[in-house]
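S.K.: Build me a structure from this.
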Amino acid sequence: MQEELGCRMGQVEQMIRYAYWASGCTGIIIGLSGGVDSSVAAAFCCRAIGPERVVGLSLPSSVSTRQDVHDAAALCAQLGMEHRTISIEPMLQAFRTIPGFTGTPYLLGNLMARIRMAVLYYHANREHRLVCGTSNRSEYLLGYCTKFGDNAADLQPILHLYKTDVYEMARELGIPEPIMKKTPSAGLWGGQSDEGEIGLSYMQIDTSLKNLETNGWRASNETEETVLELVKKSEHKRHRAPNLLAAPQEQQRTAPDS
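M.R.: Reported below is the predicted structural model:
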């Protein structure tokens, strides 16, 4: 198991190094939520190209906790990478001046995800860096992400890892315990948790996804049926927008938003 983990880690680091070298950029920037996914992705980047070339950006809103920013700063200190904090609240306030603005949790959550990615790309453009994504395989397959928000990136080092595998990798990378023990949350509103919003635990989700992939995407129980429905409904998030340059079989029906 240890040897397999080391091999998988080496493959991820090589992928990051190749993307970095091929781009001609000066480094990598990554949004740090204080959670395990972004922490693992940041650790991989530091191992791959050196912490002096990696910048972590905390982008809190009014519903973010001080603990999350503190944990992100502590991680950066441990890894030896630079940490910056920029509140997105002034940007959210500007959007609130739009005529007819509606501040539902759904709309605000997507808006925050897109604002954060815009800020990351602004800094990446200014400093000639790549933006590192932090999506895992479980979220990717379920569509638990925002188009052009947290699913936008120049490289995705943990997209092949299920959420439960991310924790295994985090232990191997020495991610701090406060981050490891934290309830997974996108931090989109007070008290929000990923598992509460999805309605299933990550253990249930990952077990179902693995069984579905093994069995040709045929569900064998109620939980797998629920997970399969989420996978089907979010298919549009995993494909490029329909266009006349794409092959007919690549044309995909899109949903209004997410």
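S.K.: Phi, psi for the closest residue to Ala19 other than its chain neighbours please.
M.R.: Of all residues not flanking Ala19 in the chain, Leu155 sits nearest, at 4.6 Å (C-beta to C-beta, 6 or more residues apart in numbering). Where C-beta positions appear, they are placed from N, C-alpha and C, glycine not excepted. Here is the backbone geometry of Leu155 (degrees, to the nearest 10): phi -150, psi 150.
S.K.: swap in Phe95?
M.R.: According to degrees, to the nearest 10, Phe95 has phi -70, psi -30.
S.K.: how close does the closest residue to it other than its chain neighbours get to Leu120?
M.R.: Nearest non-adjacent residue to Phe95, counting by C-beta to C-beta, 6+ apart: Leu111, 6.1 Å away. From Leu111 across to Leu120, the span is 15 Å (C-beta to C-beta, to the nearest Å).
S.K.: More neighbours: which of these two?
M.R.: Leu120 (24 against 21; other C-beta atoms under 10 Å).
S.K.: element containing that one?
M.R.: Per DSSP states H and E: Leu120 is located in helix 105-127.
S.K.: Let me see the mean pLDDT of the helix or strand following that helix.
M.R.: Downstream of helix 105-127, the next assigned helix or strand under DSSP H and E is strand 129-132. Strand 129-132 shows a mean pLDDT of 98.
S.K.: for stretch 160-168, same thing?
M.R.: Regarding stretch 160-168, the rounded mean pLDDT is 95.
S.K.: Does Met112 touch Ser64 like I think?
M.R.: No: when contacts are counted by C-beta atoms under 8 Å, Met112 is not listed as touching Ser64 (9.5 Å).
S.K.: These two: which has the busier surroundings?
M.R.: Applying other C-beta under 10 Å to Met112 and Ser64 shows that Met112 carries more neighbours, namely 27 against 20.
S.K.: Contacts only, for the spatially closest residue to that one that is not a sequence neighbour.
M.R.: Using C-beta to C-beta, 6+ apart and skipping residues adjacent in sequence, the residue nearest Met112 is Ser61, 5.8 Å away. Taking C-beta atoms under 8 Å, 6 or more residues apart in numbering as the criterion, Ser61 is in contact with Ser87, Ile88, Glu89, Leu92, Met112, Gly187.
S.K.: right, and out of these, which lies closest to Ala241?
M.R.: Taking C-beta to C-beta as the measure, Ala241 sits nearest to Met112 out of the contacts of Ser61, at 22.7 Å.
S.K.: and the closest one, how far is that from Thr214?
M.R.: 36 Å.
S.K.: buried stuff in the helix holding Leu120?
M.R.: 108-117, 119-121, 123-124 (16 or more other C-beta atoms under 10 Å).
S.K.: hey, where'd the helices end up in the stretch 1-150 of the chain?
M.R.: 2-23, 36-49, 66-79, 89-95, 105-127, 137-142 (DSSP state H, counting those that start in this stretch).
S.K.: quick one: average pLDDT of the first one?
M.R.: Right, helix 2-23. 86.
S.K.: C-alpha coordinates for it, CSV please?
M.R.: Listed next in CSV are the C-alpha coordinates belonging to helix 2-23 (Å, rounded to 0.1, in the frame of the first residue of the first chain):
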residue,chain,number,x,y,z
GLN,A,2,2.8,2.4,0.9
GLU,A,3,4.6,1.7,-2.3
GLU,A,4,1.4,2.2,-4.3
LEU,A,5,0.8,5.6,-2.6
GLY,A,6,4.3,6.7,-3.4
CYS,A,7,3.8,5.8,-7.0
ARG,A,8,0.5,7.7,-7.2
MET,A,9,2.0,10.7,-5.5
GLY,A,10,5.0,10.7,-7.9
GLN,A,11,2.6,10.6,-10.9
VAL,A,12,0.7,13.6,-9.6
GLU,A,13,3.8,15.6,-9.0
GLN,A,14,5.2,14.8,-12.5
MET,A,15,1.9,15.9,-14.0
ILE,A,16,2.1,19.2,-12.2
ARG,A,17,5.8,19.7,-13.1
TYR,A,18,5.0,19.0,-16.8
ALA,A,19,2.1,21.5,-16.8
TYR,A,20,4.3,24.1,-15.1
TRP,A,21,7.3,23.6,-17.4
ALA,A,22,5.2,23.5,-20.6
SER,A,23,3.4,26.7,-19.7
